[in-house]
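Undergrad: Next comes the sequence, and after it the predicted model I'd like to discuss.
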Number of protein chains: 2
Amino acid sequence: MVKMGVAHFSGSYSPVPSDTMYSSTLLSKSSIKTSPAFTLNSQVFQTHIPKPLNNNFHSSQPLTLKSLKVRAMDTQEGVPSMPSFDFHGIDQKLVDRMVYDSLVWSSLHGLVVGDKSVQRSGKVPGVGMVHAPFALLPMPFPETHWKQACEVAPIFNELVDRVSLDAKFLQDSLSRTKKADAFTSRLLDIHSKMLDINKKEEIRLGLHRSDYMLDEQTKSLLQIEMNTISSSFAGLSSLVSDLHRSLLDNYGKLLNLDSKRVPGNTAASQFADALAKAWTEYNNPRSTVMVVAQADERNMYDQHWLSSLLKERHNITSIRKTLAEIDAEGELQADGSLIVDGQAISVIYFRAGYTPTDYPSESEWRARLLMEQSSAVKCPSISYHLVGTKKIQQELAKPNVLERFVDNKEDIAKLRKCFAGLWSLDDSDIVNKAIETPELFVMKPQREGGGNNIYGNDVREALKALQKEGTEEDAAYILMQRIFPTVFSTFLLRDGICHKDDAISELGIYGAYLRNKERVIINEQCGYLMRTKVSSSDEGGVAAGFAVLDSLYLT
Amino acid sequence: MVKMGVAHFSGSYSPVPSDTMYSSTLLSKSSIKTSPAFTLNSQVFQTHIPKPLNNNFHSSQPLTLKSLKVRAMDTQEGVPSMPSFDFHGIDQKLVDRMVYDSLVWSSLHGLVVGDKSVQRSGKVPGVGMVHAPFALLPMPFPETHWKQACEVAPIFNELVDRVSLDAKFLQDSLSRTKKADAFTSRLLDIHSKMLDINKKEEIRLGLHRSDYMLDEQTKSLLQIEMNTISSSFAGLSSLVSDLHRSLLDNYGKLLNLDSKRVPGNTAASQFADALAKAWTEYNNPRSTVMVVAQADERNMYDQHWLSSLLKERHNITSIRKTLAEIDAEGELQADGSLIVDGQAISVIYFRAGYTPTDYPSESEWRARLLMEQSSAVKCPSISYHLVGTKKIQQELAKPNVLERFVDNKEDIAKLRKCFAGLWSLDDSDIVNKAIETPELFVMKPQREGGGNNIYGNDVREALKALQKEGTEEDAAYILMQRIFPTVFSTFLLRDGICHKDDAISELGIYGAYLRNKERVIINEQCGYLMRTKVSSSDEGGVAAGFAVLDSLYLT
């Protein structure tokens, strides 16, 4: 759950660094309605914040501002010195200059989003733009964990592909979820239909993002979730790294920070390259890439960056269509190829369709089915989409399951090392433990999108209610170990205003995977997304809970 | 006079292609109050539109849509073919795609301005951004006239420098203006003070823009004015050329237009280079460039582009200060150097100070004097500023005046070829002629800024009133020949909306000049600004009178 806006609830917001605060994408995957108790009316940049909790279990997790412990680095003069992330003594004038420069940089370099206060900003490009929310300086992150996250990316890519081919595993694992969750049920129906017609996906393209948090106590990098559909921010996050490098080039000496410690981020160009290679594999020079978009999308520039790079670097055009438009304008040719609005479609890149609200009528489901039936490369296919569900994540974490899909024992160990504790609600021991110590767990709905996670005392109440009901409703959730990352002081910029606050971060690692039958064409890690979120409420509660784009500073 | 907004007056707007509709910069130089009859309440992108005229003299100037006559060009296939600027038959879907692409391009590449509907957009960068108004496609322009305008730029640069050194000529020429115009009077006072202390400007930097219109009947390129202070849009106009080249790369074949016919536009980088070289000449490595800015500036990104290039290409920092801030924070050192806010200033780049409204109190005038007294390179110096007045333009057009400043006869001929008819109001023959045929003249106030020009019947009334008064008030104006450029059909984009309309264009040619004593370091033409403006009201009067950034297509 990510809160980009001002907290509008009354009462104090418990300073809870929750792993799942980040399990949705920063922007648009936040408007999902699930259980009545957690109905949301979220907007872009404004998602659900856990309700204030009455218990004070967080007092056992003191969130004092840590002074950063980083390893010594050589300065230009050859004298080891410590980079400083302790901003207590920082000169306000220096901050003001960096803030101004970074706002200018964002405006000139397209680090922008639609402003929710401007009505047309999600529909018409070029109007109602505002800089994307970002952190003024990169977040410190241990180089060893960064390398670990990068190294495991191709293994996860391969895992997704292997699991996607095991239709029975997907259907069986999700059979109970199907009964409790209408959305997953519809996806499974499409999956079943493809099985019935023996549909094969020979060219398979995955543009994933695996999200992690670094647990402070255990110093372990733990996976929050694997996004296999609509992994957002490849476009904008690349820019944030550039911005931070530029700022450190100019002001790094004053802060004792070296711009070279911010890893370069080529997520946008690598995603564009992968889409281009998929287009090439499909081998119709007259075809186009179709971006499946929401009708109202304030994060459109993140998507436009990919289309722009696709055109500039590969001279491949793309069109944007909503699911409803695809239903109206799309048709399947006898040879299985897809024509939309008169144009041959070779690659379908989903930036919509991951959440129930994207399917307000049967029209959208027809469009999804039509695309799945076609020979176009789908990013993702219905199988890839299903592999990204929480339930599959939880199934894969069970003993001996990874072994079904991965041969290499070292790879299995690397994957397993990132797995947080994940449990199904039919495990009564764990359910009882969670009722006893709810602060150590998060309840998560199955599907992609987030914004509906349950924390703290609410976990206890929800579990008790489900026990009482005795229905299949429990299959709509999994339980996950709660992760408590290190808190750092940082500067967060939103709407032209800079807030200093304590914050926690979540690291997303992008991965691209492309294969054609037995030939693996791409399997690589490509850039990253760092998101940073206020971990505590400030005095007035104004800045509580908003998240920003960030980059990382290797320590 | 430029109208970027919707026409708010009632009645019909006569389709008057007036030369002086463009004599102000597109944006911020438009809020000047002069004679009571023409008091303005203009906003950024909204300046004065001539009041509807009752006489119908324009009917003698039929403004039918011309089908463009261009010379044959070779296509890729070697077959000569005509580029098409006749948009009557253009496919609406193609237009829609180009509009969408161009809006996206603007957003990603920093072709943006502050949105006047967002209060903070002129103060805080990164908020309330909207694409700059632009034409969808470049405006046809004869290559011969383009070359003529480029060729004459260094000669104008040199002329400005020569005239600036003739203090007596400036003071004498403006002596009557001084009595009628308080603003010019204040500038002359500073100029006099510098003469009194025998102040020498050894390093002289000019970043000029000479504006032209192409008179349809005579096929001659005529100068509208010479801007020697705050020549705007070097930053954004470079982007518009890139945008048009990109669009023609993608869609040119469908339109039979070749992107190579849009001249490259390096105005932004050349202006930044000139500022950098001036900084180098001043020779204080610890010094900074100071941009004198208005407190509320919606065209800030145009300026930020220059500062950004200055930093990226030359590693030179710049600061932005208002005149009031300079008064508060500036001090002159014993050696004549200027310190503002603790920083040594080597180059002062004025993007404010050209209009009376920039000097609401004595504080701003003190700041202007302080800067002029300093050893910093002023772009422009008070002398350069005065050379840019309408009165000097008119004096230079008198017989035998150019000969005082320019030695080369060919250069004189080239300059004179661009001069439109210009007259002082003490020439009673011309005044009588203008009363007789006001449609052939424009009355212009002396100073930079525009937005106060008088047209048509109002010329007659104004001249008669001045005759009756018999005061020195007439010295506040000059008379200029009215220029009627060719009208083309074009697409104008503003606020995300595309209007098709008949339009006229004005070409500005940027020039950079830098010398240190006898050494001329830079004297070059650097890029261009094309501005295109609706020439007629549409049925509802909605689009009447708004202007957009454009580029040119050589024919």
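TA: The structure has been received and is ready for your questions. Numbering: from 1, shown residues only, chains lettered A, B, ... in the order given.
Undergrad: Around chain B, pick out the residues from the stretch 301-450 of chain A.
TA: A:301, A:304-305, A:307-308, A:311, A:317 (Cβ under 8 Å from any Cβ of the partner chain). The C-beta positions use only the backbone N, C-alpha and C, and glycine is treated the same way.
Undergrad: Return the subset of these lying in helices.
TA: Among these, DSSP state H puts A:301, A:304-305, A:307-308, A:311 in helices.
Undergrad: Among the residues you listed, the buried ones, what's the ChimeraX command?
TA: Buried residues within these, by 16 or more other Cβ atoms under 10 Å in any protein chain shown, are selected in ChimeraX with:
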select /A:301,304,305,307,308,311
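Undergrad: ok so, going back, return the closest of the residues of the stretch 301-450 of chain A next to chain B with respect to chain B.
TA: Nearest to chain B out of these is A:His304 (Cβ to the nearest Cβ; 4.8 Å).
Undergrad: how near is that closest one to A:Leu310?
TA: Using Cβ to Cβ, to the nearest Å, A:His304 is found at 10 Å from A:Leu310.
Undergrad: quick one: pLDDT of the residue lying closest to A:Val124 once chain neighbours are set aside?
TA: Once flanking residues are discounted, A:Val124 sits nearest to B:Gly496: 4.1 Å by Cβ to Cβ, 6 or more residues apart in numbering or on different chains. You'll see B:Gly496 listed with a pLDDT of 97.
Undergrad: now A:Gly449
TA: On the pLDDT scale, A:Gly449 gets 54.
Undergrad: Please apply the same query to A:Val6.
TA: So, for A:Val6, pLDDT stands at 28.
Undergrad: Check the one 4 residues further on too.
TA: Among the per-residue scores, A:Ser10 shows a pLDDT of 30.
Undergrad: Give me the contact list for stretch A:146-164.
TA: For stretch A:146-164, contacts defined as Cβ atoms under 8 Å, 6 or more residues apart in numbering or on different chains pick out A:169-170, A:204, A:206, A:208, A:210, A:212, A:221, A:226, A:228, A:263, A:381, A:383-384, A:386-388, A:392, A:396, A:402, A:405-406, A:411, A:414-415, A:417-418, A:507, A:509-513, A:515, A:523-525, A:528, A:552, A:554.
Undergrad: Of the residues you listed, grab the buried ones for PyMOL.
TA: The following PyMOL line selects those of the contacts of stretch A:146-164 that are buried, judged by 16+ other Cβ under 10 Å:
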select buried, chain A and resi 169+170+204+206+208+210+212+221+226+228+263+381+383+384+386+387+388+392+396+402+405+406+411+414+415+418+507+509+510+511+512+513+515+523+524+525+528+552+554
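Undergrad: In the stretch 401-550 of chain A, what residue lies closest to chain B?
TA: Closest approach between the stretch 401-550 of chain A and chain B, counting by Cβ to the nearest Cβ: A:Gly496, at 4.1 Å.
Undergrad: closest point of the stretch 151-300 of chain A to chain B, which residue?
TA: For the stretch 151-300 of chain A and chain B, the shortest gap (Cβ to the nearest Cβ) falls at A:Asn250, measuring 7.1 Å.
Undergrad: quick one, phi/psi of that residue?
TA: phi -90, psi -40 (degrees, to the nearest 10).
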